[in-house]
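In: show me the folded form of this:
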Amino acid sequence: MTGPADIELIALISGAACVGGLVLAVMSIVGTRSPTKPPSRTSRRLHRLWSGTGRSAAERRRHQVVVVSAIVAGSLAWLVSGLPMVGLLVGIAVPGAPWLLGVGQAEKLAIARIEAVGEWTRRLRDVSSTGQGLQQAIIATVSTAPEEIGDEVALLAARLQAGWNARDALLAFAGHLGDPMCDQVVAALILHLSDRGERLGDVLSSIATAAAAEVATRREVEAKRTQPRFAVRFLTGMTLLTLAYGLLNPQYMEPYSTPTGQAVLVVLGGTFVALLAWTRAMSLPPEPVRFLAIPDERREG
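Out: Numbering: from 1, shown residues only. The predicted structure follows:
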């Protein structure tokens, strides 16, 4: 006769098999594309869900790890608690917690990147003023480029050395950095490629000065957003503690075991997540407006 321990083991193995099957199903859908037939809307959505919106391969791999972790954690929470809605909430919490707790990190990185762009612009101005051509000057700045944009500058130089069209390489560089300040630098460099004007140094100097002013302004604004961001982190932590307490204490979750309780849990959980997302959105700066048309390398590839 099968005991409770054997039943739990069978349930765990079955849950793991189901998770593996779901992951393989998504990979098979997004990984098999006909070269002559464009992907369907469903296939594109699944591909975006699986690969994320990251531009680099490392960002897409990190997103895939988070997706698999969310599926596994949600499935285990469902098996442990016996409540499917708890599994759903845990599955949402795995990618949602870093998203909420990491509020402000993206803005700090953006500020550091703008500062790095301004510094690199000054170095490019100094090197180009020695009489070197623009492409040679860009290649010469690789060794002294700021760490925040060092990989992007090295990739730009490598593409120029490999024979890329300078305009295309510069547009790809702006696409990788993804900031309007970099767009200004790239626009100035592209214009210099076409007219070979003698005032490139003055233009780069003014852009570097504008970058320093923008960094100072955004840091001041960033300091004023600390209070709502602390609220986001506090509420997120309390939510995670509540979920953990419910998983460890079945009696606490017993009122939600009925269909009505599951519906109430969905409403409460959805409302709470929506409020957290709203609070997070209020603590973020508006999306910067780009003015360069950047080609999507993934789509072209």
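In: so which residues of this protein form helices?
Out: 4-31, 41-51, 57-81, 84-101, 105-128, 134-140, 150-161, 166-177, 180-195, 200-224, 226-248, 250-253, 259-282, 297-300 (DSSP state H).
In: could you give the angle of the fifth one to helix 180-195?
Out: What that stands for is helix 105-128. Here helix 105-128 points in a direction 30 degrees away from that of helix 180-195 (axes from the mean of the first three to the mean of the last three Cα atoms, to 10 degrees).
In: just checking, what packs against helix 105-128?
Out: Packing partners of helix 105-128 (3 or more Cβ pairs under 8 Å, 6 or more residues apart in numbering; DSSP states H and E): helix 134-140, helix 180-195, helix 200-224. The C-beta positions use only the backbone N, C-alpha and C, and glycine is treated the same way.
In: any idea of the mean pLDDT in stretch 284-298?
Out: Averaged over stretch 284-298, pLDDT sits at 67.
In: as JSON lines, the helices and strands packed on helix 105-128 with distance to residue 90, mean pLDDT and mean neighbour count would be great.
Out: Putting these into JSON lines (distance: least, Cβ to Cβ, whole Å; pLDDT from 0 to 100; neighbours: other Cβ atoms under 10 Å) gives the following:
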{"stretch": "helix 134-140", "distance to residue 90": "48", "mean pLDDT": "91", "mean neighbour count": "19"}
{"stretch": "helix 180-195", "distance to residue 90": "39", "mean pLDDT": "88", "mean neighbour count": "18"}
{"stretch": "helix 200-224", "distance to residue 90": "32", "mean pLDDT": "89", "mean neighbour count": "15"}
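In: if I look at residue 165, how far off is residue 137?
Out: Separation of residue 165 from residue 137 (Cβ to Cβ, to the nearest Å) stands at 17 Å.
In: cool, and residue 93?
Out: On the measure of Cβ to Cβ, residue 93 and residue 137 end up 49 Å apart.
In: so where's this protein shaky on pLDDT?
Out: For the chain, applying pLDDT under 70 flags the ranges 1-59, 103, 197, 247, 293-301.
In: using the record's assignment, carve it into domains.
Out: Per the TED database, the structural domains of the chain span 107-224, 229-284.
In: out of those, which gets nearest to residue 76?
Out: Minimum separation from residue 76 across these (Cβ to Cβ) falls at domain 229-284, 9.4 Å.
In: what's the end-to-end length of that closest one?
Out: With Cα to Cα, to the nearest Å applied, domain 229-284 spans 9 Å between its terminal residues.
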